[in-house]
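J.: my questions are about this predicted structure, shown below with the sequence.
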Amino acid sequence: DVKVTQSSRYLVKRTGEKVFLECVQDMDHENMFWYRQDPGLGLRLIYFSYDVKMKEKGDIPEGYSVSREKKERFSLILESASTNQTSMYLCASKGPFYEQYFGPGTRLTVT
Amino acid sequence: GENVEQHPSTLSVQEGDSAVIKCTYSDSASNYFPWYKQELGKGPQLIIDIRSNVGEKKDQRIAVTLNKTAKHFSLHITETQPEDSAVYFCAVPPHAGGTSYGKLTFGQGTILTVHP
């Protein structure tokens, strides 16, 4: 079974703080993704990575950056957290075809 | 980019009834159509998918049907049970041309509630 883990289930941060969300997959997948999930908006792609040190912007990259130093780990960084970044963050890795395997999510609250 | 519309946004059924969720997409070149289920407190999980050379696929109580001409596909759940209560998402890959890296564009989600 593919396992995707995320570093925190719940996180509360203050406006202006730098926030790191970590994601680890154990299936040697090359492609990894970060989404945010908001009610009525579905899953929106923030960034994705197709190899170590390779990354591309998704649909809503503003205010975020990412890091992929090792194949199994993909990090999402909020350089200066703002209240409009309060959301559920989901990490996924891609299998051999288009199927994606998701972690349990991190619910981030920025106050 | 791909435009994906999912309906309804909420669906409430009695246990044993059928449930149908529909997804429409914009790019006629799309060739892969998955459905994901997200239970409370968990990430989405792939439950069924269909490729464009097939019109229907069944797996026990769930099925997906595809109408490429009309550019829509639907999730059908028969004999619903309370454990089917979840949020369901459709998804479509970007257009077939170019490099997509396996990206998916997701629908807005449907909250399904099955009442005992």
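T.: Nice, thanks for sending it over.

J.: let me see the contact set for the closest residue to B:Thr113 other than its chain neighbours.
T.: Residue nearest to B:Thr113 in three dimensions, not counting chain neighbours: B:Ser12, with 4.7 Å by C-beta to C-beta, 6 or more residues apart in numbering or on different chains. (Glycine included, C-beta is placed from N, CA and C.) Counting by C-beta atoms under 8 Å, 6 or more residues apart in numbering or on different chains, B:Ser12 touches B:112-113, B:115.

J.: give me the pLDDT value at residue 83.
T.: Unless you meant another one, I'm taking chain A. In this prediction, A:Thr83 carries a pLDDT score of 98.

J.: chain B, not that one
T.: 97.

J.: packing partners of the helix or strand of chain B with the lowest mean pLDDT?
T.: Scoring the helices and strands of chain B by mean pLDDT, DSSP states H and E places strand B:105-106 at the bottom, with a mean of 92. Packing partners of strand B:105-106 (3 or more C-beta pairs under 8 Å, 6 or more residues apart in numbering or on different chains; DSSP states H and E): strand A:42-51, strand B:86-92.

J.: go through those and pick out the most buried.
T.: Most buried of the helices and strands packed on strand B:105-106 by mean neighbour count (mean count of other C-beta atoms under 10 Å in any protein chain shown) is strand B:86-92; its value is a mean of 25.

J.: chain center to the least confident helix or strand of chain B: distance?
T.: Once both centres are worked out by C-alpha atoms, centre = their mean, to the nearest Å, strand B:105-106 turns out to sit 10 Å from its chain's centre.

J.: same question, stretch B:43-58
T.: Averaged C-alpha coordinates place stretch B:43-58 at 8 Å from its chain's average position (C-alpha atoms, centre = their mean).

J.: and what of stretch A:84-101?
T.: 7 Å.

J.: measure it end to end?
T.: In stretch A:84-101, first residue to last residue: 26 Å (C-alpha to C-alpha, to the nearest Å).

J.: picking up where we left off before, in the helix or strand hosting the residue nearest to B:Thr113, what counts as buried?
T.: Per DSSP states H and E: B:Ser12 is located in strand B:10-14. The neighbour-count check on strand B:10-14 (16 or more other C-beta atoms under 10 Å in any protein chain shown) flags B:11, B:13 as buried.
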